[in-house]
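Visitor: no FASTA, just this:
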């Protein structure tokens with residue numbers, strides 16, 4: 001029989017696992033399944049589409065690699081949650097701008113917003129003396145109602161005083177600073193993997209020991225003065241960063257990183 005009742009064509013030049021992968025994606029869309037909804041298991045897919053377990057596993061592996069599904073050992077296969085925007089690593093935009101530009105909503109639970117003395121790390125990042133006053137803003141960020149990141153931002157006193165009394169629960173810090181004439185024009189930003197401790201795991205609703213992506217950033221204003229330093233802990237299960245690499249000119253020793261595209265939270 002050339003094709004199964006479910007539409008897998010055994011004589012087509014397209015591999016069966018590739019056909020199955022697209023059929024699963026189509027079913028997710030047509031059935032209106034949402035992130036976290038359960039999908040049929042391997043045995044059920046074999047029966048439904050009349051294919052071997054090898055074909056099913058190849059299709060699921062590709063879907064998992066693409067971020068379309070999540071497989072949890074002992075629990076099953078689920079529609080995946082979309083990943084957070086990856087351009088946060090190498091552009092001077094914030095989470096608020098990234099999400100809002102694509103129709104999502106960011107809400108912040110402001111846990112701390114006060115003047116405090118800079119410790120050695122903060123002082124070094126901002127180019128000030130240890131103990132000098134800085135404005136500290138600690139926010140638990142939610143994307144469409146779900147905990148997404150825990151961010152602590154440090155601003156030099158002359159910058160931070162502009163926003164010290166502002167309500168930052170539903171507005172962009174960058175946009176607010178820009179209205180006061182303070183804009184970041186360049187920055188140094190890094191990303192690294194970490195494991196959540198008890199407090200981080202509880203705040204981000206992932207549990208202790210789970211993967212986090214930690215962003216650290218120093219932004220510089222138009223006079224090339226440090227105007228912001230932040231440390232942001234993002235949920236590892238909601239973060240993905242992709243880059244397109246291109247060769248640098250012959251007189252440079254590193255490759256340039258250019259942004260390819262965004263994977264967006266729903």
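Guide: Nice, I can see it. A quick note: this is a predicted structure, and the numbers were derived from the prediction, not measured. Numbering: from 1, shown residues only.
Visitor: what ranges do the strands span in the stretch 101-250 of the chain?
Guide: 106-117, 133-143, 146-156, 186-195, 211-220, 226-235, 243-246 (DSSP state E, counting those that start in this stretch).
Visitor: which residues are contacting the third one?
Guide: When contacts are taken as CB atoms under 8 Å, 6 or more residues apart in numbering, the neighbours of strand 146-156 outside the stretch itself are 81, 84, 95, 106, 112, 118, 122, 125-126, 128, 134-142, 160, 163, 173, 200, 203-205, 225-235, 238, 265. (C-beta placed from N, C-alpha, C; glycine too.)
Visitor: now the longest one
Guide: If you take CB under 8 Å, 6+ apart as the criterion, strand 106-117 is touched by 95-96, 99-100, 130-143, 145, 148, 152, 157, 160, 164, 167-170.
Visitor: go with 6 Å
Guide: By CB atoms under 6 Å, 6 or more residues apart in numbering, the surrounding residues in contact with strand 106-117 are 95-96, 99, 131, 133, 135-143, 168-170.
Visitor: what's the angle from that strand to strand 146-156?
Guide: With axes from the mean of the first three to the mean of the last three CA atoms, to 10 degrees applied, the angle from strand 106-117 to strand 146-156 works out at 30 degrees.
Visitor: Now do strand 106-117: distance to the chain's middle.
Guide: The chain centroid and the centroid of strand 106-117 are separated by 21 Å, computed with CA atoms, centre = their mean, to the nearest Å.
Visitor: Helices of the stretch 1-150 of the chain, start to end?
Guide: For the stretch 1-150 of the chain, the helices defined by DSSP state H, counting those that start in this stretch occupy 16-30, 42-49, 53-65, 95-100, 120-126.
Visitor: Point out the most buried one among the ones you listed.
Guide: helix 95-100 (a mean of 20; mean count of other CB atoms under 10 Å).
Visitor: could you check the distance from residue 51 over to residue 126?
Guide: Noted for residue 51: a distance of 59 Å to residue 126, by CB to CB, to the nearest Å.
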